[in-house]
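Student: what's the 3D shape of this:
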Amino acid sequence: MQKTQAYIQANKQRFLDELLDMLRIASISADPKYKEEVSRNADFVAEKLRQAGADKVEVVPTAGHPIVYGEKLIDPTKPTVLVYGHYDVQPADPLDLWTSGPFDPVIKTTDLHPDGAIFARGSADDKGQFYMHLKAFEAMLASGELPCNVKFMIEGEEEVGSVNLGTFLKANKERLGCDVILVSDTGIIANDTPSITIGLRGLSYVEVAVTGPNRDLHSGVYGGAVANPINILSKMIASMQDENNHITIPGFYADVLEVDTQERSAMNEAPFSEKAYLNDLGIASIHGEAGFTTLERTSIRPTLDVNGIWGGYTGEGAKTVLPSKAFAKISMRLVPNQDPDKITELFARHFKAIAPPSVQVEVHAHHGGLPVVTPTDTPEYQAAAEAMKTTFGKDPIPQRGGGSIPIVALFEQVLGVKTVLMGFGLDSDSIHSPNEHYGLFNYYKGIETIPYFFQNYTKLK
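Tutor: Predicted structure coming up:
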């Protein structure tokens, strides 16, 4: 891979400039007013795939946002790697907390990124990470060192649950046939401590509504005599966790796969500084389920969190209103062997059961996904581990992640192949938050590492 690495070094500035151009596209999949921007980003990806040398590049329409497909098949006797990523991003709100425009990427130095980091929405999740693969592919092909077949599937709906990806997979099963799926939508422990994600939590995401009176009321005239939906909703949510932060929904833990002492011990050997963790987040103490460490709480234990809550008057000044309705968005991260559909049903049943007769409640399921755990004794994992050892100079640590990528389980169900989660981001990258960023070190390290995965996997397979 010497020619490939030389090509990468010679084109680093162009690789960065291209990423910055893409980050200027506000491809927010959740907001219909950005539909044209999402489509424009799909066209951008397709054009860059063509320029890199991919064949049969296509922007495939779906019932929602398009999927970009491209391939380079050099030898039917060689293995095929399918690269997955997503070009859509989370909404940038709240905008006033950004130190620079979310779609006006700038490079700033930080304590963790002395060489600079790209501040922009989507820089780490997932534009910067999937674009590493496109540039690594370009480098291998231009240098004559592409060792196997490669296919790309870059979607535009991951941030809204990949709602149309399953249909695309089933309709294109033969076209997407491969030996392994390679994804960079995860991270490493630190820039001097590489790791590979071997597990992801599942997800159940719901929106709830609590309705009291048939209209907003004067809180002086009616307060104390009519149920306040915001008060009721707050009490209902608070009751879902006890004093040990244990979730109180009946049956919630029934299928949880308990991790044995040996694996828990190994998990907690990963480098972790509680002081640095607290300082980074600006908090005074940790908080979570009793009996588990921070590393365990964020990987092998399920959670219930309110992602948004609203109702009543939230404008400037005061308005003494007793609201008619209150709403909340709630996500539950799940672990093996929890099923998102079952958990959603348990939540809905419990939420309705604890509501007082003075209000009416509704539960609307948004999207979910199954948890996954991938083995470490396979050619694909070993190929990734050796690739990281080559570029980082040390063996990566296998680590379970706290986030969710629902399509990983879907890939295995439909395509029958395993996924390698070889990401290069950091927990501190502020994904889904204001001031999301991605280190230049991480971006370039990914581009440098990916070709070694291809080389190793071709040999091991």
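
Student: you'd agree residue 182 is up against residue 82?
Tutor: Yes: assessed by Cβ atoms under 8 Å, residue 182 is found in contact with residue 82 at 7.1 Å. C-betas here are computed from N, CA, C, even on glycine.

Student: how far off centre is stretch 32-52?
Tutor: With Cα atoms, centre = their mean, to the nearest Å as the basis, stretch 32-52 stands 20 Å off its chain's centre.

Student: give me the buried positions along it.
Tutor: For stretch 32-52, a neighbour-count test (16 or more other Cβ atoms under 10 Å) marks 34, 37-39, 41-42, 44-46, 48-49, 52 as buried.

Student: what residues does that stretch touch?
Tutor: 18, 21-22, 25-29, 57-59, 65-68, 70, 87-88, 131, 134-135, 137-138, 141, 152, 154, 156 (Cβ atoms under 8 Å, 6 or more residues apart in numbering).

Student: and the residues you listed, which are buried?
Tutor: For the contacts of stretch 32-52, buried by 16+ other Cβ under 10 Å: 18, 22, 25-29, 57, 59, 65-68, 70, 87-88, 131, 134-135, 137-138, 141, 152, 154, 156.

Student: on that earlier part again, in helices, which of the buried residues of stretch 32-52 appear?
Tutor: Among the buried residues of stretch 32-52, the members found in helices (DSSP state H) are 37-39, 41-42, 44-46, 48-49, 52.

Student: ranges for the helices of the stretch 151-300 of the chain?
Tutor: Using DSSP state H, counting those that start in this stretch, the helices of the stretch 151-300 of the chain run over 165-171, 219-222, 229-238, 261-267, 274-281, 294-297.

Student: average model confidence for the longest one?
Tutor: By that I understand helix 229-238. Model confidence over helix 229-238 averages 98 on the pLDDT scale.

Student: what is it packed up against?
Tutor: Using 3 or more Cβ pairs under 8 Å, 6 or more residues apart in numbering; DSSP states H and E, the elements in contact with helix 229-238 are strand 202-211, strand 305-311, strand 325-334.

Student: cool, and the second one?
Tutor: If you count contacts as 3+ Cβ pairs under 8 Å, 6+ apart, helix 219-222 packs onto strand 321-322.

Student: turn the helices and strands packed on helix 229-238 into a markdown table, including mean pLDDT, mean neighbour count and distance to residue 244.
Tutor: Formatted as a markdown table, the helices and strands packed on helix 229-238 follow (pLDDT from 0 to 100; neighbours: other Cβ atoms under 10 Å; distance: least, Cβ to Cβ, whole Å):
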| stretch | mean pLDDT | mean neighbour count | distance to residue 244 |
| --- | --- | --- | --- |
| strand 202-211 | 96 | 22 | 21 |
| strand 305-311 | 97 | 14 | 16 |
| strand 325-334 | 98 | 21 | 17 |
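
Student: in JSON lines, list those along with distance to residue 397.
Tutor: Putting the helices and strands packed on helix 229-238 into JSON lines (distance: least, Cβ to Cβ, whole Å) gives the following:
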{"stretch": "strand 202-211", "distance to residue 397": "23"}
{"stretch": "strand 305-311", "distance to residue 397": "26"}
{"stretch": "strand 325-334", "distance to residue 397": "21"}
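
Student: alright, I will stop here.
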